[in-house]
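Novice: Starting from these lines, generate the structure:
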Amino acid sequence: MATKQDYFDAAFELLAEQGYSALKQAPLCKRLRVTTGSFYHYFDNWHDFTSQLLAHWLSERTTQLVKIAQQHRDPTDQVETLVHFALELPHRAEAAIRVWSKIDPEVRAVQDAVDSQRMEVVLQAARMIFDDEEEALNHTRWGLYLLTGYQQLDAGENLAAFEWVVRRLLRDLQDAYAKRGT
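Specialist: Numbers count the residues shown, from 1 in each chain. Next comes the predicted model:
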């Protein structure tokens, strides 16, 4: 019998492989080799499933990240944690969710919450590196623009290139922090 986590994992696979339009109950159940009755064991209806899926994404891919990053006192360690996290994201699925958010207000609200939390955790680290608020905000935007741009343009195809650009940002932040300490 499939678990609730299995449904979420399969949904992310469908999003990554075929986009948000492929995320439907029948293909989801077929992928898991379960009946729709099994689906209703965990979810009241399709809306309940998508709401739980989005809440799971927010929690697993953002809220927990904020907690993990904030465990580090050194802001460059925080950013290193964020870089590692960014490299591990399901980029194609996240790109599909961003497209989905353009047509569904509930998805948009969750997407906005994800973006806001990610922005805030990066900004907190950047503020410890830069005295100037505008400089901290610009570096934060730089990181988030890299992530969303990569997801929209490359959709997870060239992870090595993405890693190269985010590591350049990390190096810039590390250099700025080192200069601040001298």
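Novice: Do you know the pLDDT at the residue nearest to D154 when sequence neighbours are not counted?
Specialist: With CB to CB, 6 or more residues apart in numbering as the criterion, D154 has its nearest non-adjacent residue at 6.8 Å, and that residue is F162. C-betas here are computed from N, CA, C, even on glycine. pLDDT for F162: 90.
Novice: how much space between P75 and A176?
Specialist: 10 Å (CB to CB, to the nearest Å).
Novice: Now the common contact residues for the two.
Specialist: I129 (CB atoms under 8 Å, 6 or more residues apart in numbering).
Novice: which residue sits closest to the residue nearest to the spatial centre of the chain, ignoring its sequence neighbours?
Specialist: Centroid-nearest residue in the chain: R61, 5.0 Å away (criterion: CA atoms, centre = their mean). Using CB to CB, 6+ apart and skipping the chain neighbours, the partner closest in space to R61 is L89 (6.5 Å).
Novice: residues in contact with the one you found?
Specialist: Per CB under 8 Å, 6+ apart, neighbours of L89: R61, L147, Q151.
Novice: And the second one, how far from V166?
Specialist: Pointing back at L147 there. L147 is 8 Å from V166, by CB to CB.
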